[in-house]
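Enquirer: Quick one, fold the following:
(one chain, ligands or ions: 1)
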Amino acid sequence: MHKRITIPVLLLITGMLLPSCQRPPVYGDPETADAVRREFLHAWNGYKTYAWGHDALKPLSGGWRDWYGASLLMTPVDAFDTMVLMGLQDEAEEAKRLIIDSLGFDHDFDVQVFEVTIRLLGGLLSAYQMDGDPRFLTLADDLGRRLLPAFGSATGMPYRYVNLRSGAVRDGVNNPAEIGTLMLEFGTLARLTGNDVYYDAAKKAVQEVFSRRSQIGLVGTQIDVETGRWVNPQSHISGMIDSYYEYLLKAWLLFKDGDFLDMWKPSIESVNRYLADERENGLWYGSADMNSGERTATRFGALDAFFPALLALGGESERARDLQASCLNMWRLHGIEPEQLDYTTMTVLHPAYPLRPEIMESAYYLYTYTQSGEYREMGRMFFRDLIRHCRTEHGYAALRSVVTKEKSDGMESFFLAETLKYLYLLFADPSVLDLNEVVFNTEAHPLRNTWQQKP
Ligand code: DMJ
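Expert: Predicted coordinates:
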């Protein structure tokens, strides 16, 4: 049985301690960090050669893909702060020039509010904080203004899509992740521009989800933003809910707004009570009905592997360690992790691997907090397997199947924003970035509280 670790949580609650490294990290592993940096350059050079100015590289055909009717520079915006952290000044400079010269948001098409917020708004805000050029903030402010109409539903929870030019909205059946994962970006934008409207809109949206939690404290998978009724009552920590929980804790840490801590504490308690599933083969988190708490599925996958990092950040180091051990078994099953498996039988339900970062993110947090070499060992294995199975002549490719290792023609921008960033930070000298000084948004863009004096 797991005991809750109360002292760090208590200190966290009283604001005396950020969830911090118990022992400050001392040594980097420069050889592996350099190797990760070389692979980042390989993927970035592929983007430069075949997809320059577009949203994403097609790493098999050597082509490009735009998400909408025109490019929003997803890859360069998402990758910029990784380049800065890796010390790739020339590449950062060329990405910055492209962004400043050609990124604009006056387009007559609908964008997905969540994706554009975590990748672009988050990327522009961290770019501004790391580089200091006010043009990044101007772009962020313009984007934020165009996304705001999304919050104009009867409940204040955002629609999933908004037209960047007209502000017209669509798709009122949304989910906790897409509703609740806007706070760090809109809140930071508010603090940096002095426009509180951003903070208030994003905060109200989160509160509206929280206030509709069930009597046992769980949220469902889908909710109607007009009526406020749950459309799908399945509860889990996976896609469509995952980063809702992540932002409850992180919004508290970044803004020191106690309302978020008051939502995080009962939420994580219910999640641990009803979703955690102790099996002979380890600790997992499955699905349950949000009202009865009855187990409805025993699925777990690559996206869920963010949870050890979140548990560690919340001070629950034992659970974090045990769940990361399960994630490692999931990875080892086929030498790379599937999108979803049934953890009771360890059979693959969805075999794809779209270059996801979550398992590396958790290894990085756990290494930072424990300094245990096992997490770097894991990282070396993840890195080797990525090279073995996903590297192509032009970059890195998603896998259609982790069983057959057949590739597909996509390299999501989060591969450069997150996967390689977390791997790099796992091995880099700790002076590159202090985890206690930043809060990562869910796309691994580090945000800093620059607006509050430290005591
Ligand atoms: C990223 O866009 C973010 O990490 C998001 O929270 C979940 N999905 C991808 C990475 O897997």
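
Enquirer: what does the stretch 251-400 of the chain have sitting close to the ligand?
Expert: Leu303, Arg356, Pro357, Glu358 (CB under 6 Å from any ligand atom). Quick note: C-beta positions are derived from backbone N, CA and C, even for glycine.

Enquirer: now do 5 Å
Expert: Arg356 (CB under 5 Å from any ligand atom).

Enquirer: Isn't Ala51 up against Lys58?
Expert: Yes: judged on CB atoms under 8 Å, Ala51 makes contact with Lys58 at a distance of 7.2 Å.

Enquirer: what is in contact with these two at once?
Expert: Shared contacts of Ala51 and Lys58, defined by CB atoms under 8 Å, 6 or more residues apart in numbering, are found at Trp64, Arg65.

Enquirer: okay, these two: which has more neighbours?
Expert: Neighbour totals were compared for Ala51 and Lys58, and Ala51 leads with 24 against 21 (other CB atoms under 10 Å).

Enquirer: Grab the nearest non-local neighbour of the more buried one.
Expert: Trp64 (3.6 Å; CB to CB, 6 or more residues apart in numbering).

Enquirer: Now do the contacts for that neighbour.
Expert: Tyr50, Ala51, His54, Asp55, Ala56, Leu57, Lys58.

Enquirer: Helices along the stretch 151-300 of the chain, start to end?
Expert: 176-180, 183-193, 196-210, 242-255, 258-270 (DSSP state H, counting those that start in this stretch).

Enquirer: just to revisit the earlier point, return the subset of the contacts of Trp64 lying in strands.
Expert: Among the contacts of Trp64, the residues falling in strands (DSSP state E) are Ala56, Leu57, Lys58.

Enquirer: Which one of the contacts of Trp64 is nearest to the ligand?
Expert: Ala56 (12.4 Å; CB to the nearest ligand atom).

Enquirer: wait, what's in contact with that closest one?
Expert: Contacts of Ala56 by CB under 8 Å, 6+ apart are Tyr47, Trp64, Arg65, Asp66, Trp67, Met74, Thr75, Gly410, Met411, Glu412, Ser413.

Enquirer: mind running it again at 10 Å?
Expert: Ala56 is in contact with 47, 63-67, 71, 73-75, 78, 395, 410-413, 415-416, counting by CB atoms under 10 Å, 6 or more residues apart in numbering.

Enquirer: can you check Gly152 too?
Expert: Pro158, Tyr159, Val162, Gly167, Val169, Ala201, Val225.

Enquirer: In CSV: those residues, plus pLDDT, neighbour count and distance to Pro233.
Expert: Converted to CSV, these look like this (pLDDT from 0 to 100; neighbours: other CB atoms under 10 Å; distance: CB to CB, whole Å):
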residue, pLDDT, neighbour count, distance to Pro233
Pro158, 99, 31, 21
Tyr159, 99, 23, 21
Val162, 99, 25, 27
Gly167, 98, 14, 32
Val169, 98, 20, 25
Ala201, 99, 21, 26
Val225, 98, 27, 16
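
Enquirer: Which one of the residues you listed is nearest to the ligand?
Expert: Using CB to the nearest ligand atom, these come closest to the ligand at Pro158, 16.1 Å.

Enquirer: Hmm, the closest one is touching Pro176, no?
Expert: No: taking CB atoms under 10 Å as the definition, Pro158 is not a contact partner of Pro176, at 11.7 Å.

Enquirer: Between those two, which contacts overlap?
Expert: Ala205.

Enquirer: What average pLDDT does stretch 426-440 get?
Expert: Mean per-residue pLDDT for stretch 426-440: 97.

Enquirer: Packed most tightly, which of the helices of the stretch 151-300 of the chain would that be?
Expert: helix 176-180 (a mean of 27; mean count of other CB atoms under 10 Å).

Enquirer: what packs against that helix?
Expert: Judged by 3 or more CB pairs under 10 Å, 6 or more residues apart in numbering; DSSP states H and E, helix 176-180 is in contact with helix 113-116, helix 196-210, strand 222-224, helix 242-255.

Enquirer: Dump the C-alpha coordinates for the second one into CSV.
Expert: Provided in CSV are the C-alpha atoms of helix 196-210 (Å, rounded to 0.1, in the frame of the first residue of the first chain):
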residue,chain,number,x,y,z
ASP,A,196,-6.4,40.4,-16.4
VAL,A,197,-9.1,39.3,-18.8
TYR,A,198,-6.9,36.5,-20.0
TYR,A,199,-6.3,35.2,-16.4
ASP,A,200,-10.0,35.5,-15.4
ALA,A,201,-11.3,33.7,-18.5
ALA,A,202,-9.0,30.8,-18.2
LYS,A,203,-9.5,30.5,-14.5
LYS,A,204,-13.3,30.5,-14.7
ALA,A,205,-13.1,27.7,-17.3
VAL,A,206,-11.2,25.5,-14.9
GLN,A,207,-13.5,26.3,-12.0
GLU,A,208,-16.5,25.4,-14.1
VAL,A,209,-15.1,21.9,-14.8
PHE,A,210,-14.1,21.5,-11.1
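
Enquirer: tell me which strands and helices that helix is in contact with?
Expert: helix 134-147, helix 176-180, helix 183-193, helix 242-255, helix 258-270.

Enquirer: redo that, cut-off 6 Å
Expert: Here helix 196-210 touches helix 176-180, helix 183-193, going by 3 or more CB pairs under 6 Å, 6 or more residues apart in numbering; DSSP states H and E.

Enquirer: Out of those helices, the one nearest the ligand is which?
Expert: The ligand lies closest to helix 176-180 among the helices and strands packed on helix 196-210, at 7.1 Å (CB to the nearest ligand atom).

Enquirer: who touches the closest one?
Expert: With CB atoms under 6 Å, 6 or more residues apart in numbering as the contact definition, helix 176-180 has outside contacts at 114, 157, 160, 205-206, 209, 219, 240-244, 247.

Enquirer: Rebuild those as CSV, extending it with pLDDT and distance to Leu103.
Expert: Shown next, in CSV, are the contacts of helix 176-180 (pLDDT from 0 to 100; distance: CB to CB, whole Å):
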residue, pLDDT, distance to Leu103
Phe114, 99, 19
Met157, 99, 28
Arg160, 99, 23
Ala205, 99, 26
Val206, 98, 28
Val209, 99, 31
Val219, 99, 35
Met240, 98, 29
Ile241, 99, 31
Asp242, 98, 28
Ser243, 98, 24
Tyr244, 99, 28
Tyr247, 99, 25
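
Enquirer: Quick one: end-to-end distance for stretch 412-425.
Expert: 20 Å (CA to CA, to the nearest Å).

Enquirer: Contacts for that stretch, please.
Expert: 33, 36, 40, 56, 74-75, 78-79, 82, 86, 354-355, 357, 360-361, 364, 379, 383, 396, 443-444.

Enquirer: Kindly recompute the last result at 7 Å.
Expert: Applying CB atoms under 7 Å, 6 or more residues apart in numbering, the external contacts of stretch 412-425 come out as 33, 36-37, 39-40, 43-44, 56, 74-75, 78-79, 82, 85-86, 119, 354-355, 357, 360-361, 364, 379, 382-383, 396, 432-433, 443-444.

Enquirer: In strands only, show me those.
Expert: Filtering the contacts of stretch 412-425 for strands - DSSP E - leaves Ala56.

Enquirer: Please pick the buried ones from the contacts of stretch 412-425.
Expert: Listed as buried from these are 33, 36-37, 39-40, 43-44, 56, 74-75, 78-79, 82, 85-86, 119, 354-355, 357, 360-361, 364, 379, 382-383, 396, 433, 443-444; burial here means 16 or more other CB atoms under 10 Å.
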